[in-house]
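Novice: Based on what follows, work out the 3D shape:
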Amino acid sequence: MKKYVAHDKYVAFLRGINSGKNPTVKMEVLRKTFEDLGFENVRTILASGNVLFESSTYENTLEQKIEEVLPLAIGFQSEVIVRTIDDLHKLVLLNPFKATEITTHIRPYVTFIKGKPNKNFRFPSGGKGYTILGIFNGAVCSVADLSDAKTPSLMQLLDKEFGKGITTRSWNTVERILKAS
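Specialist: Have a look, this model is predicted:
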């Protein structure tokens, strides 16, 4: 009798994919790389390094496994942060932006952190054109006012506070990933 192996659904958030700082990466290359690693039902969402996949591999080893092969496939080192689809569902249920009025200039962002986040950071915290609301389910949630400032100043602060083991997505991207899953 064939043994059934459960496959969990994951999303890998890859830092620096098609951000303008690194060589352009085709989504077919990412899909093939993940398939070659033995992952199933591989799909990319948008062209910014969001890869949906299924795996029976233990969750904590996925980031390392993917990071080891990516440089050969894409030509540069990319931080990889893996979350389960259940993790994203929990984040959406928390609704960290419920008190925020989203407009064409007010944009919500989610910064996924590799490892444990710094608990000493005070929330909410703000600067010119942005407010960091807090850490929700392992992700820093922030709001940027693009009429007053650009997101790079927010990104520089996040890099300084949390290190390079982070990657940021718009809230719309998170919702789109969940819908596609």
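
Novice: Helices of this structure, start to end?
Specialist: Using DSSP state H, the helices of the chain run over 27-36, 59-74, 85-94, 151-162, 171-180.

Novice: and those, which one's lowest on average pLDDT?
Specialist: Sorting those by mean pLDDT places helix 151-162 lowest, at a mean of 80.

Novice: Tell me how the protein divides into domains.
Specialist: Domain ranges of the chain: 8-86, 94-170, per automatic domain parsing.

Novice: re the thing from before, could you dump the helices of the chain to TSV with distance to residue 107 and mean neighbour count?
Specialist: C-betas here are computed from N, CA, C, even on glycine. What follows is those, written out as TSV (distance: least, Cβ to Cβ, whole Å; neighbours: other Cβ atoms under 10 Å):
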stretch	distance to residue 107	mean neighbour count
helix 27-36	24	16
helix 59-74	27	15
helix 85-94	17	15
helix 151-162	8	16
helix 171-180	8	16
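
Novice: closest to residue 127 out of these?
Specialist: When the helices of the chain are compared by Cβ to Cβ, helix 151-162 sits nearest residue 127, at 6.5 Å.

Novice: Give me the packing partners of that closest one, helices and strands only.
Specialist: Applying 3 or more Cβ pairs under 8 Å, 6 or more residues apart in numbering; DSSP states H and E, we find helix 151-162 packed against strand 106-113, strand 125-127, strand 130-136, strand 139-145, strand 166-170.

Novice: what is the mean pLDDT for the shortest one?
Specialist: What it means is strand 125-127. Averaging pLDDT along strand 125-127 yields 76.

Novice: cool, and the first one?
Specialist: Strand 106-113 shows a mean pLDDT of 94 in the predicted model.

Novice: quick one: that strand to helix 85-94, angle?
Specialist: Between strand 106-113 and helix 85-94, the angle comes out at 140 degrees (axes from the mean of the first three to the mean of the last three Cα atoms, to 10 degrees).
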